[in-house]
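# Sequence first, predicted coordinates after that:
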Amino acid sequence: MGRKLAESLKTLLNETFEGPGNGGSYYTDSKPNTGIFGTLEGLNAEDASLSIHGSTIAAHADHTRYYLWVVRTMISGVEFEKDWDASWTISQVDETKWAEIKEGLQSEYHSLLAKIDTIDLEEWLTNVNAIIAHSAYHLGALRQMIKELESEK
């Protein structure tokens, strides 16, 4: 059961971040590039820095990266101070910072996927499920923000 559960969690994380596979979608748009990474692909730093409904795409992306880091760090047993407010402070980014945010998000995602294979899922199941829900929420927010950007152009 543990292996099947881990594969199920990884499938849902994969859909959230990388988009649905060839077998269809469980909860996202079934078109290619509809996960977080595909949604952010092609956005430049200027667009990622625009305030839309009081936040920026860059802030949402970095906050999602931070959440992944928090849970992965907790699972690793490392003590640290959470600073949720700091995870929302990004507003203006240049192309270098925007690339760093996207690379950091991918790195945290891949680190978490690897961690799932090594943890006691009974102990950490709620946290991993929370990552899926939290990240799916931000995927929806990002997609709506991009629709707003497109309507203004």
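Received the coordinates, thanks. Numbering: from 1, shown residues only.

# which residues are contacting stretch 121-132?
Outside stretch 121-132, the residues that touch it by C-beta atoms under 8 Å, 6 or more residues apart in numbering are 2, 5-6, 9, 12-13, 16, 67-68, 71, 74-75, 112, 116. C-beta: built from backbone N, CA, C; applies to glycine.

# Report the buried residues of that stretch.
121, 124, 128, 131-132 (16 or more other C-beta atoms under 10 Å).

# still on that earlier bit, PyMOL command for the buried members of the contacts of stretch 121-132?
This is how PyMOL selects the buried members of the contacts of stretch 121-132, with burial counted by 16+ other C-beta under 10 Å:
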select buried, resi 6+9+12+13+16+67+68+71+75+112+116
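
# Show only the entries of the contacts of stretch 121-132 found in helices.
When the contacts of stretch 121-132 are checked against helices (DSSP state H), the matches are 2, 5-6, 9, 12-13, 16, 67-68, 71, 74-75, 112, 116.

# tell me the two of those that are most distant?
Using C-beta to C-beta, the ones in helices among the contacts of stretch 121-132 reach their maximum pairwise distance at G2 and Y67, which is 24.2 Å.

# if we can go back for a sec, got the buried residues of stretch 121-132 as a markdown table, with distance to I146 columns?
As requested, the buried residues of stretch 121-132 are exported to a markdown table (distance: C-beta to C-beta, whole Å):
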| residue | distance to I146 |
| --- | --- |
| L121 | 34 |
| W124 | 32 |
| V128 | 27 |
| I131 | 22 |
| I132 | 21 |
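
# if we can go back for a sec, least confident pick among the contacts of stretch 121-132?
Among those, G2 has the lowest pLDDT, at 82.

# which residues of the chain fall in helices?
Going by DSSP H, the chain shows helices at 2-18, 36-40, 45-49, 57-75, 95-116, 121-152.
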